[in-house]
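S.K.: pasting the structure only:
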Ligand SMILES: Nc1nc2c(ncn2[C@@H]2O[C@H](COP(=O)(O)OP(=O)(O)OP(=O)(O)O)[C@@H](O)[C@H]2O)c(=O)[nH]1
């Protein structure tokens with residue numbers, strides 16, 4: 001995983017802070033510089049501002065001896081703060097949910113949503129492969145009925161993953177495709193139903209309304225937002241809008257293999273308060289990793 005060292009990123013400011021008192025007043029003086037550095041690390045502005053305000057709150061009231069390592073104290077606080085953002089979003093054991101869903105009602109359905117080109121279809125294929133390996137009968141619903149070539153793309157991925165495809169062809173109502181796939185799950189044709197939808201701009205009201213309709217009609221067991229770790233600041237607006245308009249239970253961020261800054265993960269979890277389940281680590285079918293907060297912190301603070 002590429003490295004982003006907040007320790008290094010902050011070192012100049014911290015050196016300066018370390019010569020003075022580590023108190024709220026000093027931090028306030030340096031707040032803008034901290035915010036700027038976080039933004040440079042790909043953290044959204046509003047999230048960076050909130051984090052630095054929280055950091056000041058944590059630091060104030062901390063009694064540090066004259067010879068204490070203020071640099072370490074500051075970084076430890078920041079690390080704890082970022083860890084808390086992820087821990088307070090909770091965690092989801094998707095494998096466990098699927099297992100219980102299949103054991104209970106016979107199937108489990110997951111709806112995928114997010115902006116276009118962020119890696120939804122690829123991620124759906126990766127999960128299809130994962131669930132196939134766990135022994136389930138898996139179907140991908142080709143509910144992107146709009147983009148030319150999308151159904152062929154889903155079919156190719158599905159055959160690589162060993163999954164079936166549910167399709168009603170191009171220009172079909174995506175909600176009908178999703179519904180059909182869920183019905184097939186109910187009938188016992190499949191145990192895991194993954195609904196791939198067309199990517200959409202969060203600012204397009206009609207497309208967001210369509211997404212709401214798909215979610216309403218298919219009534220999936222779980223909804224996942226798929227975002228791109230490379231988009232940085234924009235990730236927040238996108239995640240926020242999808243969350244408020246449609247809602248979701250967790251996120252997956254793709255292109256972690258190429259994400260040299262890492263801030264999008266923190267931003268998306270901070271604004272949605274929903275867990276980050278997996279990260280995409282490449283274009284291959286096996287390139288999906290469970291998100292691990294300690295590993296992520298290691299990457300930020302190495
Ligand atoms: N490096 C890297 N590339 C990825 C990853 N996930 C997806 N991609 C690439 O991102 C591009 C877009 O992926 P798609 O799966 O087609 O995106 P999509 O969100 O389904 O696109 P729409 O149909 O427009 O919604 C492809 O070139 C993928 O190979 C990842 O984790 N790492």
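M.R.: Done, it's in. Everything numeric here is computed off the predicted structure, so don't read it as measured data.
S.K.: starting at the chain centroid, how far to the longest helix along the chain?
M.R.: Longest helix in the chain, counting residues (DSSP state H): helix 70-88. Put simply, helix 70-88 sits 20 Å off its chain's centre (C-alpha atoms, centre = their mean, to the nearest Å).
S.K.: That helix packs against which elements?
M.R.: Counting contacts by 3 or more C-beta pairs under 8 Å, 6 or more residues apart in numbering; DSSP states H and E, helix 70-88 packs against helix 6-9, helix 11-19, helix 45-59, helix 263-272, helix 293-301. C-beta here means a position set from N, CA and C on the backbone, and glycine is covered the same way.
S.K.: Just checking the distance from stretch 250-261 to the centre of its chain.
M.R.: Averaging C-alpha positions (C-alpha atoms, centre = their mean) puts stretch 250-261 8 Å from its chain's average.
S.K.: Hmm, I typed the wrong one, I wanted stretch 125-141.
M.R.: Its chain's C-alpha centre and that of stretch 125-141 lie 20 Å apart, by C-alpha atoms, centre = their mean.
S.K.: Now the strand or helix carrying residue 100: buried residues?
M.R.: Assigned by DSSP states H and E, residue 100 falls within helix 94-104. Using 16 or more other C-beta atoms under 10 Å as the test for burial, helix 94-104 gives 94, 98, 101-102.
S.K.: The very next helix or strand once past that helix and the ligand in contact?
M.R.: Next in sequence after helix 94-104, counting helices and strands by DSSP H and E, comes strand 108-113. No. Using C-beta under 6 Å from any ligand atom, strand 108-113 never reaches the ligand; the gap is at least 8.4 Å.
S.K.: Report the mean confidence score over strand 108-113.
M.R.: Strand 108-113 carries an average pLDDT of 98.
S.K.: I'd like to know which elements that strand is packed against.
M.R.: In this structure, strand 108-113 makes packing contacts with helix 94-104, helix 120-133, helix 174-187, strand 192-197, helix 205-218, strand 222-228, judged by 3+ C-beta pairs under 8 Å, 6+ apart.
S.K.: mind putting these in TSV, mean pLDDT and distance to the ligand included?
M.R.: Output for those, formatted as TSV (pLDDT from 0 to 100; distance: least, C-beta to the nearest ligand atom, whole Å):
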stretch	mean pLDDT	distance to the ligand
helix 94-104	98	17
helix 120-133	98	3
helix 174-187	98	12
strand 192-197	98	7
helix 205-218	96	11
strand 222-228	97	6
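S.K.: Pick the most deeply packed of these.
M.R.: When those are scored by mean count of other C-beta atoms under 10 Å, the highest mean neighbour count falls to strand 192-197 (a mean of 29).
S.K.: Contacts for that one next, please.
M.R.: Contacts of strand 192-197 with the rest of the structure, by C-beta atoms under 8 Å, 6 or more residues apart in numbering, involve 98, 102, 107-113, 120-121, 124, 127-128, 131, 136-144, 154, 163, 166, 174, 177-178, 181-182, 184-185, 211, 214, 218, 220.
S.K.: May I have the strands that pair with it, each with its orientation?
M.R.: According to DSSP bridges, strand 192-197 has the following sheet partners: strand 108-113 (parallel), strand 138-143 (parallel).
S.K.: Tell me which of those approaches residue 240 most closely.
M.R.: strand 108-113 (13.3 Å; C-beta to C-beta).
S.K.: how far off helix 205-218 does that closest one point, in degrees?
M.R.: Interaxial angle of strand 108-113 relative to helix 205-218 (axes from the mean of the first three to the mean of the last three C-alpha atoms, to 10 degrees): 180 degrees.
S.K.: Figure out how far strand 108-113 is from the centre of its chain.
M.R.: Mean C-alpha position of strand 108-113 versus that of the full chain (C-alpha atoms, centre = their mean) differs by 14 Å.
S.K.: repeat for stretch 89-98
M.R.: In terms of C-alpha atoms, centre = their mean, the centre of stretch 89-98 is found 14 Å from the chain centre.
S.K.: just stretch 88-106 next, same as before
M.R.: Averaging C-alpha positions (C-alpha atoms, centre = their mean) puts stretch 88-106 18 Å from its chain's average.
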